[in-house]
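**Q** What shape does this take:
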Amino acid sequence: MAVPKSKTSRWRRDQRRAQNFFNRLRVPSLSECSNCGEMILPHRVCPYCGYYKGREVTDVG
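**A** Prediction:
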């Protein structure tokens, strides 16, 4: 079984745990849908019109 060679300091431990906090603060990048012009997450099917890369993928009621 693996055993740590030395104790992890409070600073190093807290720095590791702080990364999750900073990732939650980041605003996701948005791109414009080429079909309807809505702002959507990149590389995803548009939830408003159902298009991806210029062709209809899903039927949105």
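**Q** Mind jotting down where the helices sit in the protein?
**A** Using DSSP state H, the helices of the chain run over 10-25.
**Q** Under the pLDDT cut-off, which ranges of it? List them.
**A** For the chain, applying pLDDT under 70 flags no range at all.
**Q** again, only this time at 90
**A** Scanning the chain for pLDDT under 90 picks out 1, 19-28, 54, 57-61.
**Q** Now do the contacts for E32.
**A** E38, M39, I40 (Cβ atoms under 8 Å, 6 or more residues apart in numbering). Any C-beta I mention is one placed from the backbone N, CA and C, and that applies to glycine too.
**Q** Can you tell me which residue is spatially central in this structure?
**A** In the chain, the residue lying closest to the centroid (Cα atoms, centre = their mean) is P28, at 6.1 Å.
**Q** wouldn't that one be in contact with H43 here?
**A** No - applying Cβ atoms under 8 Å, one finds P28 not in contact with H43, separated by 11.8 Å.
**Q** picking up where we left off before, who are the contact partners of the residue nearest to the centre of the chain?
**A** By Cβ under 8 Å, 6+ apart, P28 lies in contact with L41.
**Q** From P42, how far off is it?
**A** Computed as Cβ to Cβ, to the nearest Å, the P28 to P42 distance reads 9 Å.
**Q** likewise T58?
**A** 17 Å.
**Q** ok so, going back, show the buried residues in the contacts of E32.
**A** I40 (16 or more other Cβ atoms under 10 Å).
**Q** Out of the contacts of E32, list just those in strands.
**A** Secondary structure defined by DSSP state E assigns M39, I40 of the contacts of E32 to strands.
**Q** Using TSV, lay out the contacts of E32 together with distance to Q19.
**A** Below are the contacts of E32 laid out as TSV (distance: Cβ to Cβ, whole Å):
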residue	distance to Q19
E38	31
M39	27
I40	27
